[in-house]
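Trainee: What follows is a predicted protein model with its sequence.
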Amino acid sequence: MKTIGFIGLGLMGEPMSRNLVTKFAGTVLVYDMNPQAIARVVAAGAEAAASIEDIARRADVIFTMVPKSVDVQAVYEAMLPHLRAGQITVDMSTIDPSVSQALAETVKGKGAAMLDAPVVKSVPAAEAGELGIYVGGDESAYQTVRPLLAMMGSNQIHLGANGRGLVMKMLHNTLVAGIQNSVNEMLNAAEVYGIGKAEFTTAVSYGGAMNFYLTSKVKSLIEENYKPVFSLQNMAKDVNIMCTMMQEKGLHLPGVALVKQVYDKGVAAGFGTEDFCATYKVVHAGLHGNRK
């Protein structure tokens, strides 16, 4: 393996690709619609690819990290005519599992293999190479790219067939969205009773309800600083994909439906580009609107 490619140098993709540039002994081709992002990673040692098709023709392993299902479909539409037997594509985007499974079948038809490998944790972990990575797809292809994934993440797990990595990502992120919603609700309720956010957090630490999404977000909530580590609109996207999965399997999970309403309201209120803990404002608005 001499050449790998990375398509999608956004908030997460740029630091992930930088870790490959630093740790991989061969050539790392990069491409993005933003030429400034390409320039930054090239300055770190990557080679700028002329296009998506250029990466598909030259790279042995191709990583993609783009926002939505339609973006992944567009990238693969451009790559497919140029893929060849023996190549491995690894989509690390968070998209609908059924879309990924369909693309994997198409890639297989070219003699190549596609893995879904979405990540958990956010930008600081991407910068440190400490992401968690959930992998679905061919076991042999996974073992081939496992050392490359280890350059971007400190934990990785292979969960079975194509789509399983993405299913696990939706389960994880929907759990996170629900925990954050519970944190937001109890912080709002505490303030109604005259207990401030810092005091609430200290008191919770004396019991068994302490959690990462209270300790890591309370400072931002106190300061009303919603700079995104993971955006509300991305969390809303993931929860909505989970709801689609529930419909496909006939699952009745009322808590997920409630969380979906909160995150959808956050997007509709214009908080989509803020951190997902900004759903605190949605809960706050509803709380006082219902007070008697």
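Mentor: Alright, I've got the coordinates. Because the structure is a prediction, the values reported are computed rather than measured.

Trainee: Contacts for stretch 278-292 next, please.
Mentor: Counting contacts by Cβ atoms under 8 Å, 6 or more residues apart in numbering, the residues outside stretch 278-292 that touch it are 180-181, 184-185, 187-189, 192, 221, 226, 232, 262-263, 265-266, 269, 271. Quick note: C-beta positions are derived from backbone N, CA and C, even for glycine.

Trainee: Tell me how far it lies from the chain's centre.
Mentor: Here the centre of stretch 278-292 is set off from its chain's centre by 27 Å, with Cα atoms, centre = their mean, to the nearest Å.

Trainee: Could I get the average pLDDT for it?
Mentor: Confidence over stretch 278-292, taken as the mean pLDDT, stands at 82.

Trainee: just stretch 58-68 next, same as before
Mentor: 96.

Trainee: and it, how far apart are its ends?
Mentor: For stretch 58-68, the separation between the terminal residues is 25 Å (Cα to Cα, to the nearest Å).

Trainee: what does that stretch contact?
Mentor: If you take Cβ under 8 Å, 6+ apart as the criterion, stretch 58-68 is touched by 1-10, 12-13, 16-17, 20, 29, 49, 55-56, 72, 75-76, 79, 86-93, 95, 144-145, 148, 234, 237.

Trainee: Quick one: buried ones out of the residues you listed?
Mentor: 3-10, 12-13, 16-17, 20, 29, 49, 55-56, 72, 75-76, 79, 87-93, 95, 144-145, 148, 234, 237 (16 or more other Cβ atoms under 10 Å).

Trainee: Mind checking which of those residues land in strands?
Mentor: Within these, membership in strands is found for 3, 4, 5, 6, 7, 29, 88, 89, 90, 91, as judged by DSSP state E.

Trainee: and the gap between the closest residue to the fourth one other than its chain neighbours and residue 152?
Mentor: In space, and not counting its chain neighbours, residue 6 is closest to residue 17: 4.1 Å by Cβ to Cβ, 6 or more residues apart in numbering. In this structure, residue 17 lies at 9 Å from residue 152, with Cβ to Cβ, to the nearest Å as the measure.

Trainee: which residues do those two both contact?
Mentor: Overlap between the neighbourhoods of residue 17 and residue 152 is empty, taking contacts as Cβ under 8 Å, 6+ apart.

Trainee: check contacts around the residue nearest to residue 6.
Mentor: Under the criterion of Cβ under 8 Å, 6+ apart, the contact partners of residue 17 comprise 6, 9, 28, 30, 41, 46, 63.

Trainee: Please identify the helix or strand for the last one.
Mentor: Taking DSSP states H and E as the criterion, residue 63 maps to strand 61-64.

Trainee: what comes into contact with stretch 202-214?
Mentor: Counting by Cβ under 8 Å, 6+ apart, the neighbours of stretch 202-214 from elsewhere in the structure are 176, 179, 180, 183, 195, 201, 277.

Trainee: Between the two ends of that stretch, what distance do you get?
Mentor: Between where stretch 202-214 begins and where it ends, there is a gap of 10 Å, by Cα to Cα.
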